[in-house]
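In: whatever this is, show me its structure:
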Amino acid sequence: MPDGGYESFAAFVASRQRALLRAATLVSGDHQLAQDLVQEALVKLARVWHRVGSEQPEAYVRRVLYRDLISWRRRHRRELLGVVVDIPAADGYATLDERMALRAGLNQLTVKQRAVLVLRYYEDLPEQQVAELLGVTVGTVKSQTHAALARLRARLPELQLEHGGRE
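Out: Just a heads-up that it's a prediction; the model follows:
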């Protein structure tokens, strides 16, 4: 890393690492796997910081993170049962029971469906940006969102999930 690059990289990591870990945990359903994914994504970012650092480092890290998760799942085709990890944060859900039910429901979705929901609703990204991050078309984002929400609604009717025009 060129002179001065280390400080800006360290500042980026310090400011965004927790948010990246939370998103990775929600998408993967496995806290340890999420830690590994974030660490690997940050290592990859460090290697290209001189090119990416001043532009869009967060977009680069998220793209690497989600694509690496999908690749990891493809290599490990077996279904893994993850432990629900409660990362404390003000996420807008009224009760712990609702958060646990939603996380259990997310764990029953495919990796791509979880990634789309987390990026669209937790990260509040537009469909086009989600498509770019995941390397898919906007149509795929829309269909995966629709399928994931339908599956969650069927499995968790008590949460009264609304689409609010975002589907």
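
In: just the helices in this structure please.
Out: Using DSSP state H, the helices found in the chain span residues 5-28, 31-47, 49-52, 57-75, 96-107, 111-117, 127-134, 138-155.

In: for residue 126, phi and psi?
Out: Main-chain dihedrals, residue 126, degrees, to the nearest 10: phi -70, psi 160.

In: please read the previous query as pertaining to residue 136.
Out: According to degrees, to the nearest 10, residue 136 has phi -130, psi 180.

In: residue 48 too?
Out: Dihedral angles for residue 48 - degrees, to the nearest 10 - are phi -120, psi 20.

In: what's the neighbour count on it?
Out: 12 (other C-beta atoms under 10 Å). Placement of C-beta: from N, CA and C, glycine included.

In: out of the helices of the chain, which one sits most buried?
Out: Mean neighbour count (mean count of other C-beta atoms under 10 Å) peaks for helix 111-117 among the helices of the chain, with a mean of 23.

In: I'd like the helices of the chain as a markdown table, with mean pLDDT appended.
Out: Supplementary listing: the helices of the chain in a markdown table, determined by pLDDT from 0 to 100:
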| stretch | mean pLDDT |
| --- | --- |
| helix 5-28 | 89 |
| helix 31-47 | 92 |
| helix 49-52 | 86 |
| helix 57-75 | 84 |
| helix 96-107 | 78 |
| helix 111-117 | 88 |
| helix 127-134 | 88 |
| helix 138-155 | 91 |
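
In: and residue 75, how far from residue 155?
Out: 27 Å (C-beta to C-beta, to the nearest Å).

In: tell me the contacts of the residue nearest to residue 117 when sequence neighbours are not counted?
Out: With sequence-adjacent residues excluded and distances taken as C-beta to C-beta, 6 or more residues apart in numbering, residue 117 is closest to residue 148, at 5.2 Å. By C-beta atoms under 8 Å, 6 or more residues apart in numbering, the contact list for residue 148 reads 109-110, 113-114, 116-117.

In: what does residue 113 give?
Out: If a contact means C-beta under 8 Å, 6+ apart, then residue 113 has 144, 147-148, 151 as its contacts.

In: what separation do you get for residue 133 and residue 109?
Out: 17 Å.

In: one more: residue 62?
Out: Residue 62 is 19 Å from residue 109, by C-beta to C-beta.

In: what does residue 40 give?
Out: 23 Å.

In: one more: residue 75?
Out: Distance from residue 75 to residue 109, by C-beta to C-beta: 19 Å.
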